[in-house]
Each structure stands twice: as structure tokens, then as C-alpha cells.
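Engineer: My questions concern the predicted model and sequence given below.
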Amino acid sequence: MKRTIVPLGPQHPVLPEPLVLDLVLEDERVVDAVPTIGYIHRGLEAMVEKVEYTEMGFVAERICGICSFMHGMGFCASIEDIMGVEVPERARWLRLVWAELSRIQSHLLWLGLGSDAFGFENLFMHCWRMREEILDIFEATTGGRIIFSVNRIGGVKRDIADSELAGIAERLRALGERFAEIARVFRADPSIHHRLAGVGVLPAGEALAAGAVGPMARASGLATDTRLLGTHGYDRLDFEPVVEAGGDCLARVLVRLREVEQSIDLIRQLVDRMPKGDGQPIETRVRGLPDGETFMRLEQPRGEVVYYLKANGTKYLERFRARTPTFANIPAMISLVRGHDLADVPNIILTIDPCISCTER
Amino acid sequence: MSGLAGAVLFVVLAPVAGGLLVGADRVVTARMQGRVGPPLLQPFYDVGKLLEKEARQVNPVAEPLLLGHLAFMALTGALVLGGVDLLFTVFVFALAALCLVLAAGSVASPFSHAGAERELIVLLATEPFFILMLAAVCKVTGASTFAGVLASPVAVAEELPGVLLAFLFVATVKLRKSPFDIAASHHPHQELVSGLTSDMSGRLLAYVHLAHWYETALLAVFVVLFFNRSVPLGLAVFLLAYAVEILVDNSTSRAKWELVLRSSWAVTLLFSGGNVLAVFLLGR
Amino acid sequence: MANPLSLPMSRRALRNLVARPATRRYPAEVRPRFPGARGQVVFDPSTCVFCNLCARRCPAAAIECSREERSFALDQMRCITCGVCVEVCNKHSLSMSPEPRPAHAVHDASVGGGRPRRQEWRLAERPAAGAGSGA
């Protein structure tokens, strides 16, 4: 049969970021997919040699617009680890509030993009509408909607007043009710099931072998969640990893739906358990220069991210590496695309929640 | 109303009515999605702007084909209202759609090609129904022209309720509404960029829009065939059906082409086939 | 699987028809800023001592400051509004305004440079406190 090659990307409505998949099609069936990356490499990691370590956090944040808080937090936590800085209690709790808010906004963004991929415009609008409320909370508490610049080595820059925290918990509870209605659509709509159920099945064994992380792995029945390590203060919260057994596109949607609900609950726990009282210290003054190296793991909305930092006793770091979740998920995605219809390709690509900016940095 | 006057009236008024309907569609769709939305006349502004813009032609054969698409679409309506045999008009209708497929297939872009192939599937899904529908209408009324059907004492909708139902289903495909907007859609189309209109720009795209307005008006004329005892009732039913289409469009995702083909054929066979069979068996 | 004719989204869509839209006609109708928003850095030349601290700490190298020439330049297009300069300024000459920078169609107006959003101050001699000059 005659084969056609469809260049999906670097600019294509389904792709929020530049990734190229040259799809080799027989009729509308994909027989092979050849990925090309490298369109959005900015050399951010190499900038540690030019930017002082105290300011590098702002660069790390700009690795990606969706995971920006987590990247900033990961960088600062790594430096704190090297320098042995004890972060004030309040700052640790606040970081978790923002981290979980980031997860909610990232998943809502993704649920919107995902529904756009299967042609459900109305659902897309509603997911993004809810995301705007999270962004409003971000803007009110950090001053930015996408790039927060609120992390700093030794703590955080801004405090959230107790009354404001209670307000955030209340807003999230109300948001949760509206989210339940949208989640019901994802779970019950027959046309969504037609597009997602049984598409792009990744069995648990293959997910493990391909090194899938985050919601992608959890949708295949692997209970991997870096938050379970209890680092960064997650040991003070009660939660179970969200696991689905299906391994198909629908399971990956369901995992993220439940993670939004989980994160809303986590923020409620954080607000309840946080030591009360305004005016607590939120920052430890950092003196001296870092020397040594560290690994740091964090659970980003898209999965596990690993940072490696090496300092040499000067104000410029020697090495900064980030192994981002999308990079770990791409091999599994490529294997999934083969054998599916062209119409399934956007769903499969999107259900790994690709973040090419993170991958290429 | 003489045939010629009807034909001229269709050619002049159909794009206005169709454009207004599409404008209303966009306002209602926006409100259903919780958006403010564009003004009612936005489709006219869009087409006006497209006509002004420079048209990048990938293949010079596209423009005559798209003009043909527009002309044949207008001609179909003119022929229906002009008093030509209804069965003949179906083939002109198919010819109009074919011109669009050829225009989309005349460029080298794989997205246009895939869109063109899917449009062929859409034709495969809908054309048999239109032939069956018009044949059934002619059979129960004993007339073969639009005026003849209107003059017939038989209330078509009462005789052919199954065919009417199937028509409303097939109209979703023809109006490029979700879940059946596989070849091209009004919203961003995620698999095929913009489906079969991917490589059309400027006035070429304007022709496609205009032809779609004619097509929408033509579907209204087809609904009127069913309500031949009262034309206003027919138009009201069409508007109601269109409103339901908008609601369905905003409540479903896009189906895959196999489902579109299978469900169109299933509905055509079950509802209209069964209906026609019943009419033949029971006699009139 | 659920009933193929059930459309769970349709109820929401119908309710939206009578509800107020969530969007607004943006350029005509602007949402009020949040008080703590980081919109743009504002420079007050009357208090600046040209210590150069902000320029050295700026991660984006958006500030040029010279003690000898008593000049200060802020490139709003380079600025990432991180707020580091505002924090390090001992004289509180720099502040963060919640009003965002206006959008520009052109980044670099001329081929050879000349950024349109570059604001410069040159002070021949130190003015009395409160009397702003330059720009």
C-alpha cells in the first residue's frame, strides 16, 4: 500500500509546543512515527556558568511555563541541600501550597488541551475557565500568573496571611464542586469514551520497561509517586497515589481528574495543619558559597523530575541538569502511536502531557 | 411563484440567510461555552476580509474548482426551486461536493489530502440517503418537482417520519457539526489542522464559506419538502433542528470516520429504508 | 458504557445560555489588577545614588547603571519583573507597579538596535530630593 508521511508539527494545532512526529501512514493507520526534537532548546542549563547561583532560580523557573513553580522550588531546594540551609517551617508549608496549586492548574490546562484534541471545544473552554481561578490565586499571592519568582534560596519571598489561606481553601472547595460537574462529563460522556477507551494501551510491564513516570505510569497501574518519599514536607500529609489499571488514554484522563481532586484535598490539609500565626519567618539568610553536589527528586504534574547540581565553591555553579518527566515518557509514547489511526495520534500524544520546553530546556 | 423567480430568489437570498444563520450559530455557541462571542454579522465581516486578502494558490486548478463548488451549490438550490426534477438535483449537489474534494486534493499537503479523503467518506455516508430521501418524497407525493411537492395534498412528514429523522441525523454530517465534523470543522480541527480547507486562503476560502451558506439554505429547503403543507412550519422545524445541532455540537467530541460512516448508513437503512419499505408495502 | 444518547455536557451548555459569560470584551473592559501583582519596575531618579547593586544582581541584565556618568537605564523589554532589583535597592528608588507594561508590536524598532522600551536617565548633578527629572 502507498505510504504517506504526515509531518505532525512543529506547528500543529494539537501541539502546544514544538515537537515533530513524522507519521508514516498507510491510509489513516500509523505504521511508524519518527520524532524530532530540538526546536526549543535555549541552553538554560548552561546558563549556570554565566548567572550567579542566587539568580539562577529565576532562570530555572523559565524552563517551562506550566511547571515553573516546581522548577524554581527544585533548584532552590537543591542549593539548600548543598549548603545545608534549614528552611523555615512556614516557607516549607507555603511551597507545598503553591506546588499543589501548580498541579491543579497544570492538570486543568491539560484536561482542556486533551478535550480539544478529541474535538470537544466546550469542555476545553470550561477546563480553562476553572484554571483561570487558580491563576487568580497565584497572581494575588505571588504577583505572577505563570512565572511566580517567589522561591528563593533559603525560603520564599512572600507570605500568605492566614485569613487569605482560609479564603484559598474555601475558593478551592467551591471550585471542587464545579470541577465535579466537569469530571462527570469526562467519566460519563459516550463520545469521549468512543475516542479514548482502549486507545493507546500501555501495559504495566511496558510502562516499567520504557521508564514511564508520573500520571502516565500511574494510569498503567504502577503506584509511583515521588511525593510518597515524604521529602519536601509531604510526609506531613495523608494521601494515596492515584492509580488506574486501564493503561489507555481514558485511564490517563481519569488519573489526572482524580489528582485534581486529590490536590484540592491536599491544600485543605495543608491549610488545616499549617502552624497558625502571621509574621513567622519565611526565609533563612544564606551566607557563603555552595560547594558540593546533590540530586533532588520532585513530583511535577507530569511526573518525576530529577535535578543534579554541582557547585565548586564559587558563585557560579559547575553543572545544572534537569531530567524532566516528558523526556522519560516520550519513548513509551512513540511505541504507543504505532498501529493506531491518525485520529488517535493527538489523543495519545496529549495523554502523556508533553512538555517540550521542559524536555529541551 | 414561478420557477425562475424562485431560482433567482434562492441565489440572491440564500447566502444572506445562510450567513445570518451561521452568525447566530456562532453567537449561541459562544454563549453555550460561556464566552461573550462575536457579533451576529461576524461571518460577513470574515468573508469580506477573506475576499480582500491575497489568495495564495498552491495549485492554479484550485480556484476554478472552488468556484465550481460555489456555483454548483448555488445551482442545486436554484434547480430545486426552479422546478427541475428533484432526483436530478441530487447529482448536481454531489457534483458540488466533488468539486471541493478535487480542489482539496489538488495540493500536495497531506492534511488537505486526508481531509479530501474524509470528505469522500462523508459523501459516501450521506449521498445514498439524499437519493433515497428525494425518491421517497417523490413517491409519496406523486410529484417530481419542488412546486409539485408543495402542491401535493399529502403531508410528507406524516408519511415519512423515519426519513425526516434520518435527515436530521445526516444534516449533522453535512453541516460539519461535532460529532461528525471529520473532514473539516468550524472549530480548530486537531488531527488535520483545518481538514480539507488547510491550503485554502483569501478568496478561495471565501468561496468555501459562501458555498457552505448555500448548502445550509439548501438543507432548509429540503426540510420544507417534508412540511409541504406549511412552509413557515418547515422553516421553524429547520431552525429548531439547527438549534439542537448546536447543542449536540457543544456536547460531544469528534467521532472517528468509521463511526460516522457506520452510523450514517445504519440510520439511513433503519429509519429511512424501513420507512420507505413500509410505504411501499402498505401502499398508499 | 453509558447510553450513547446521553450528553452530560448539554445541561451545562444550556445553563450557560442564560448565565453571564465568563469572558469580557478585553481591550474595552479591563480587569482590575491584583495589588501585589508584578507588572513593571518603576524607577525614581530623585533618590538613586547609582550604587550599581541592582544592575549587578539583575538576572536578565536589563539594567545599566554607571556611577561615573550618573546614568541609569532600564530596558523594559529585557526585564523579567522578578523583583530582585526592588529588593536590593537600599534607597528604595526602584518599586514594583501592578500595572503591566504596554504591549508592543515591535521589539526592536530599528535594525541596528534602539529598543523602544528603553528608559534612560542621566543626571548631571544630584537633584534635590523629590524633584524628579530626566526620562
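Structural biologist: Good, I have the coordinates.
Engineer: quick one: average pLDDT of the lengthiest helix in chain B?
Structural biologist: Criterion DSSP state H: the longest helix present in chain B is helix B:110-141. The pLDDT scores in helix B:110-141 average 84.
Engineer: which parts of it are buried?
Structural biologist: Going by neighbour count (16 or more other C-beta atoms under 10 Å in any protein chain shown), the buried part of helix B:110-141 is B:110-123, B:125-130, B:132-141. All C-beta atoms are positioned from the backbone trio N, CA, C, and that covers glycine.
Engineer: That helix and chain A in contact?
Structural biologist: Yes. With C-beta under 8 Å from any C-beta of the partner chain as the criterion, chain A is reached by helix B:110-141 at B:110, B:111, B:113, B:114, B:117.
Engineer: Where does pLDDT dip in the chain?
Structural biologist: Using chain A. A:1 (pLDDT under 70).
Engineer: Switch to chain C, please.
Structural biologist: C:1-5, C:103-118, C:122-135.
Engineer: could you point out which element follows the host helix or strand of residue A:207?
Structural biologist: Assigned by DSSP states H and E, residue A:207 belongs to helix A:204-210. Counting by DSSP H and E, the next helix or strand C-terminal to helix A:204-210 is helix A:214-219.
Engineer: What residues of whichever helix or strand comes after that following helix count as buried?
Structural biologist: Sequence order places helix A:249-273 as the next helix or strand after helix A:214-219, per DSSP H and E. For helix A:249-273, a neighbour-count test (16+ other C-beta under 10 Å) marks A:249-271 as buried.
Engineer: next one: stretch A:153-173
Structural biologist: Buried, per 16+ other C-beta under 10 Å, within stretch A:153-173: A:153, A:154, A:155, A:156, A:157, A:158, A:159, A:160, A:165, A:168, A:169, A:172.
Engineer: what sits against the second one?
Structural biologist: Applying C-beta atoms under 8 Å, 6 or more residues apart in numbering or on different chains to residue A:154 gives the contacts A:76, A:80, A:85, A:87, A:283, A:284, A:285, A:286.
Engineer: Roughly how far does the second one sit from residue A:232?
Structural biologist: If you measure residue A:80 against residue A:232 using C-beta to C-beta, to the nearest Å, the figure is 11 Å.
Engineer: Residue A:311 - that's part of a helix, no?
Structural biologist: No. Going by DSSP: H, G, I helix; E, B strand; the rest coil, the assignment for residue A:311 is strand, not a helix.
Engineer: Hmm, residue A:288 and it touching each other?
Structural biologist: No. Residue A:311 is not in contact with residue A:288 according to C-beta atoms under 8 Å; the separation is 10.8 Å.
Engineer: More neighbours: these two, which one.
Structural biologist: Higher neighbour count among residue A:311 and residue A:288: residue A:311, with 23 against 9, using other C-beta atoms under 10 Å in any protein chain shown.
Engineer: ok, what's across the strand from that one?
Structural biologist: Assessed by DSSP bridges, residue A:311 has beta-bridge partners residue A:292.
Engineer: Spell out which parts of the stretch 151-300 of chain A neighbour chain B.
Structural biologist: That would be A:189, A:191, A:192, A:194, A:195, which are the residues of the stretch 151-300 of chain A within reach of chain B (C-beta under 8 Å from any C-beta).
Engineer: for residue A:40, what are its contacts?
Structural biologist: Counted by C-beta under 8 Å, 6+ apart, residue A:40 has contacts A:17, A:18, A:356, A:357, A:360.
Engineer: need the helices for chain B, in chain order.
Structural biologist: Secondary structure of chain B by DSSP H: the helices cover B:3-32, B:42-52, B:62-82, B:86-105, B:110-141, B:146-151, B:156-159, B:161-174, B:202-226, B:231-249, B:257-267, B:274-282.
Engineer: Any chance of those helices in JSON lines with distance to residue A:61 as columns?
Structural biologist: Shown next, in JSON lines, are these (distance: least, C-beta to C-beta, whole Å):
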{"stretch": "helix B:3-32", "distance to residue A:61": "35"}
{"stretch": "helix B:42-52", "distance to residue A:61": "39"}
{"stretch": "helix B:62-82", "distance to residue A:61": "47"}
{"stretch": "helix B:86-105", "distance to residue A:61": "44"}
{"stretch": "helix B:110-141", "distance to residue A:61": "36"}
{"stretch": "helix B:146-151", "distance to residue A:61": "67"}
{"stretch": "helix B:156-159", "distance to residue A:61": "64"}
{"stretch": "helix B:161-174", "distance to residue A:61": "46"}
{"stretch": "helix B:202-226", "distance to residue A:61": "41"}
{"stretch": "helix B:231-249", "distance to residue A:61": "40"}
{"stretch": "helix B:257-267", "distance to residue A:61": "43"}
{"stretch": "helix B:274-282", "distance to residue A:61": "64"}
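Engineer: residues in contact with stretch A:225-232?
Structural biologist: Looking at what lies outside stretch A:225-232 - C-beta under 8 Å, 6+ apart - the contacts are A:73, A:77, A:92, A:95-96, A:99, A:218, A:234, A:239, A:241-242, A:297-299, A:304.
Engineer: Of those, grab the buried ones for PyMOL.
Structural biologist: Restricted to buried positions by 16+ other C-beta under 10 Å, the PyMOL selection for those reads:
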select buried, chain A and resi 73+77+92+95+96+99+218+234+241+242+297+298+299+304
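Engineer: Of the contacts of stretch A:225-232, which is the nearest to residue C:43?
Structural biologist: Closest approach between these and residue C:43, by C-beta to C-beta: residue A:73, at 30.5 Å.
Engineer: Flag the helix or strand of chain B with the lowest per-element mean pLDDT.
Structural biologist: Lowest on mean pLDDT, DSSP states H and E among the helices and strands of chain B sits helix B:156-159, with a mean of 78.
Engineer: Show residues contacting that one.
Structural biologist: For helix B:156-159, the surrounding residues in contact (C-beta under 8 Å, 6+ apart) are B:137, B:140, B:141, B:149, B:164, B:225, B:226, B:227, B:228, B:279, B:284.
Engineer: Mind checking which of the residues you listed are buried?
Structural biologist: For these, buried by 16+ other C-beta under 10 Å: B:137, B:140, B:141, B:149, B:164, B:225, B:226, B:227, B:228, B:279.
Engineer: ok, for residue A:91, nearest residue in space, not its chain neighbours?
Structural biologist: Excluding the flanking residues, the one nearest residue A:91 by C-beta to C-beta, 6 or more residues apart in numbering or on different chains is residue A:155, at 3.8 Å.
Engineer: Contact partners for the one you found?
Structural biologist: A:87, A:88, A:91, A:281, A:282, A:283, A:284.
Engineer: and what of residue B:11?
Structural biologist: Counted by C-beta under 8 Å, 6+ apart, residue B:11 has contacts B:74, B:77, B:78.
Engineer: which among those residues gets closest to residue B:32?
Structural biologist: residue B:77 (29.1 Å).
Engineer: Which residues of chain C lie near chain B?
Structural biologist: C:7-10, C:13-14, C:16-17, C:19, C:21-25.
Engineer: Keep only those of these that are also close to chain A.
Structural biologist: When contact is defined as C-beta under 8 Å from any C-beta, the residues of chain C next to chain B meet chain A at C:7, C:8, C:9, C:13, C:22.
Engineer: Understood, closing this out.
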